[in-house]
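**Q** okay, predicted coordinates and the sequence, questions at the end:
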Amino acid sequence: MTDSAPSSAPTAASSASAAPALSPRVAAYQPTPDFPFADLQPVAVWRHFAALCAIPRQSKHEAALRDLLAAWAEGRGLASEQDGVGNLVIRKPGSPGREQEAGVILQGHLDMVCQQNSGTGHDFQQDPIRPVLKDGWLLAENTTLGADNGIGVALALAALEADGLSHPPLEVLLTVDEEAGMGGALGLAPGLLRGRYLINIDTEEWGHLYLGCAGGMDVNVTYPYSSEPAPAGWTVAKISLTGLSGGHSGIDIHKERGNAIKLLVRLLGELGQQLGTEAWRLLHLEGGTARNALPREAFATVILDPACLAEIEATLATGAQALARELKGVENGLSVRLSELPSLAGPAMAPAAQRQLLAALNAAPHGVARMSMSVPGIVETSNNLGVLSVANGQARANFMVRSLVDSAAQAHARRIADLFGLIGADCQLTDGYSGWKPNPDSPLLALAQQVYAAQFGGSAQVEVIHAGLECGIIGAKYPGLDMLSFGPTIHGAHAPGERVEVETVARSWQFLVALLAALPRV
């Protein structure tokens with residue numbers, strides 16, 4: 001699942017490039033029974049997920065996995081096809097007697113969000129993910145797990161592999177570059193898909209059926225600033241704000257978790273109010289690593305007048321205590337530290353530029369802007385200040401805006417751009433992507449509710465998600481598709497400690513098998 005708005009679809013050269021050489025350990029796609037959580041059910045799904053964990057699949061670096069999956073499909077006698085941007089389709093004929101029925105597309109994305117705790121040292125282009133099993137959940141303790149969307153991919157691959165399932169013709173569409181901008185869906189070739197139904201397996205709350213999602217766009221801010229030599233004899237120090245929960249910047253945006261960038265900017269602003277720019281100056285400022293993840297950490301490198309060090313420490317301590325009180329029960333791990341660094345050569349931000357930038361960042365919106373009036377309890381419009389870098393005379397910030405209403409997304413993005421325009425920043429708005437308009441009369445939804453009730457009792461909850469799914473883009477390219485999304489329960493997607501509830505994976509498989517069997521035989 002993504003929440004970032006792309007500037008354009010990737011070119012064939014960028015997404016469909018040749019796969020890099022892999023180590024012998026992952027030189028083949030090997031869903032074998034020999035993996036650390038082999039006792040989990042359904043075994044076929046977990047075997048595939050274990051194989052996916054072994055193969056690096058950072059956004060824009062999915063070629064190795066895609067090519068291995070194509071070879072795996074060929075080895076099983078399944079036809080596959082790749083389009084110009086690197087999306088992969090694997091086809092399986094309908095089960096006996098169902099070969100001529102309307103087909104169904106199972107859809108997920110190959111890439112994952114790559115986040116890790118400081119000091120972990122994980123190389124997402126080389127190292128495998130190492131899941132552990134705790135209290136009914138499979139998780140990665142210091143990195144993202146890739147259950148988003150690896151479990152969805154594993155469910156689809158298990159359906160391709162399974163003998164004895166009753167199903168119409170299957171197409172498994174595995175897209176690339178979803179988490180970094182939905183590039184695969186945007187570049188999806190026309191005429192590639194043949195099915196009438198599309199089941200997206202990329203939502204994260206079991207017992208919920210999704211039939212709509214938010215669209216979005218990015219605001220990319222660039223602010224060139226003037227610098228001047230740092231005062232001689234001052235102390236170089238680093239202010240670190242760490243320990244926040246992070247999370248998915250769409251589905252977690254309403255939970256009032258802290259944004260490390262916004263909180264550190266607030267503390268720096270308080271330093272400015274208390275001491276002006278005569279006692280401290282900004283050298284570098286950075287926070288966040290992904291536009292679709294809530295920033296967990298932010299760091300400022302500053303230069304301080306040693307005579308004011310005690311007052312600076314006291315101001316930071318008072319500010320940190322205020323933040324801890326305000327976020328109690330939500331961000332109990334918040335930490336603010338001031339540590340001295342070896343002397344650095346380099347200029348400091350000019351005082352006027354420092355005041356302007358910090359004021360604009362402090363005033364910039366983050367979080368929920370409006371709740372939906374038509375879908376109660378759902379966020380309509382929001383934004384996330386996801387990435388900030390201030391260094392070498394240039395500040396860059398990314399705001400990811402999303403809304404159920406396209407015009408509202410555009411208006412909110414324009415508001416952010418207008419704010420930064422007041423300080424002379426250049427602001428580029430992406431073209432964005434539309435959301436998936438709900439169709440409550442969907443025959444696929446009605447059938448899914450019947451199947452859910454028969455399998456589990458009761459009714460599944462019908463939802464519209466405040467996050468990016470590829471359904472809207474795919475549906476625009478293939479009008480007439482009847483679409484639905486579901487998935488197991490995943491917590492902490494896009495943040496270290498991401499986890500998937502094991503029992504809900506088994507239920508998702510049971511539901512998928514029953515739904516494929518029940519699809520209208522037309």
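**A** Cool, got the structure. Numbering: from 1, shown residues only.

**Q** and the residue nearest to Ala317 when sequence neighbours are not counted, how many residues sit next to it?
**A** Excluding the flanking residues, the one nearest Ala317 by CB to CB, 6 or more residues apart in numbering is Val336, at 7.8 Å. (Glycine included, C-beta is placed from N, CA and C.) Number of residues near Val336 (other CB atoms under 10 Å) recorded here: 19.

**Q** and what of the one 10 residues further on?
**A** Neighbourhood size, Gly346 [other CB under 10 Å]: 14.

**Q** surely it touches Leu283?
**A** Yes - at 6.2 Å, Gly346 and Leu283 qualify as touching, with contact defined as CB atoms under 8 Å.

**Q** shared neighbours of these two, which are they?
**A** Counting by CB atoms under 8 Å, 6 or more residues apart in numbering, the contacts common to Gly346 and Leu283 are Ala230.

**Q** about what we covered before: can you tell me how far the residue nearest to Ala317 is from Ala369?
**A** Distance check for Val336 against Ala369: by CB to CB, to the nearest Å, it reads 28 Å.

**Q** can you check Val387 too?
**A** From Val387 to Ala369 the distance is 19 Å (CB to CB).

**Q** so for Ala140, what's the pLDDT?
**A** At Ala140, the pLDDT value in this model is 95.

**Q** and it, how far from Glu179?
**A** For Ala140, the distance to Glu179 equals 16 Å [CB to CB].

**Q** also Asn384?
**A** Relative to Glu179, and taking CB to CB, Asn384 is found at 14 Å.

**Q** kindly report the same for Gln41.
**A** Relative to Glu179, Gln41 is positioned 28 Å away (CB to CB).

**Q** looking at those two, which is more packed in?
**A** Comparing Gln41 with Glu179 by other CB under 10 Å, the one with more neighbours is Glu179, at 31 against 12.

**Q** ok, and what's touching stretch 471-482?
**A** 105, 107, 173, 182, 185-186, 188, 190, 193, 195-198, 200, 213, 215, 433-437, 439, 442-444, 483, 485.

**Q** quick one: end-to-end distance for it.
**A** End-to-end distance for stretch 471-482: 10 Å, by CA to CA, to the nearest Å.

**Q** just stretch 117-124 next, same as before
**A** End-to-end distance of stretch 117-124 (CA to CA): 13 Å.

**Q** repeat that for stretch 459-470.
**A** 25 Å.

**Q** quick check: buried residues in it?
**A** Within stretch 459-470, the residues that count as buried by 16 or more other CB atoms under 10 Å are 460, 462-470.

**Q** next one: stretch 334-347 to chain centre, how far?
**A** Offset of stretch 334-347 from its chain centre (CA atoms, centre = their mean, to the nearest Å): 30 Å.

**Q** run through who's touching that stretch.
**A** 227-230, 235-244, 258, 263, 267, 283, 301, 312-313, 316-317, 319-320, 323-324, 327, 393.

**Q** returning to that earlier point: quick one: secondary structure of the residue nearest to Ala317?
**A** Three-state call for Val336 (DSSP: H, G, I helix; E, B strand; the rest coil): strand.

**Q** please report the distance of it from Leu283.
**A** Applying CB to CB to Val336 and Leu283 gives a distance of 18 Å.

**Q** do Ala232 as well
**A** For Ala232, the distance to Leu283 (CB to CB) stands at 14 Å.

**Q** neighbour count winner among those two?
**A** Using other CB under 10 Å, the more surrounded residue of Ala232 and Leu283 is Leu283, with 21 against 5.

**Q** next, give phi and psi for that one.
**A** Main-chain dihedrals, Leu283, degrees, to the nearest 10: phi -100, psi -50.

**Q** for Val265, see how far away the nearest residue in space to it that is not next to it in sequence is.
**A** Spatially, and ignoring its direct neighbours in sequence, Leu283 is nearest to Thr301 (4.4 Å; CB to CB, 6+ apart). When distance is defined by CB to CB, Thr301 is 14 Å away from Val265.

**Q** who has more neighbours, those two?
**A** Using other CB under 10 Å as the criterion, Thr301 and Val265 rank with Val265 on top: 26 against 19.

**Q** after the helix or strand hosting Thr222, which helix or strand is next?
**A** Using DSSP states H and E, Thr222 sits within strand 215-224. Moving toward the C-terminus from strand 215-224, the next helix or strand (DSSP H and E) is strand 227-229.

**Q** show me what that following strand is packed against.
**A** Applying 3 or more CB pairs under 8 Å, 6 or more residues apart in numbering; DSSP states H and E, one finds that strand 227-229 contacts strand 347-349.

**Q** name the helices or strands packed onto the next helix-or-strand element following the strand it packs on?
**A** Going down the chain from strand 347-349, the next helix or strand is helix 351-363, by DSSP H and E. Judged by 3+ CB pairs under 8 Å, 6+ apart, helix 351-363 is in contact with helix 260-275, strand 280-287, strand 379-391, helix 406-421.

**Q** please redo it, this time with the cut-off set to 6 Å
**A** Counting contacts by 3 or more CB pairs under 6 Å, 6 or more residues apart in numbering; DSSP states H and E, helix 351-363 packs against helix 260-275.

**Q** give the buried residues for the helix it packs on.
**A** Quick answer for helix 260-275 (16+ other CB under 10 Å): 260-272, 274-275.

**Q** so that helix versus strand 280-287, what angle?
**A** Here the directions of helix 260-275 and strand 280-287 differ by 170 degrees (axes from the mean of the first three to the mean of the last three CA atoms, to 10 degrees).

**Q** so for helix 260-275, what's the average pLDDT?
**A** In this model, helix 260-275 carries a mean pLDDT of 96.

**Q** now the residue lying closest to Thr120 once chain neighbours are set aside: how far from Phe124?
**A** Closest residue to Thr120 apart from its sequence neighbours, by CB to CB, 6+ apart: Asn142 at 4.4 Å. Distance of Asn142 to Phe124, given as CB to CB: 12 Å.

**Q** pick out whichever of the two has more residues nearby.
**A** Between Asn142 and Phe124, counted using other CB under 10 Å, the more crowded position is Phe124 (19 against 15).

**Q** and the more buried one, what pLDDT?
**A** With respect to pLDDT, Phe124 has a value of 94.

**Q** secondary structure element for it, which one?
**A** Under the criterion DSSP H and E, no helix or strand holds Phe124.

**Q** from the buried residues of stretch 459-470, pick the one nearest Ile55.
**A** Lowest distance from Ile55 to the buried residues of stretch 459-470 (CB to CB) belongs to Glu470, with 21.2 Å.
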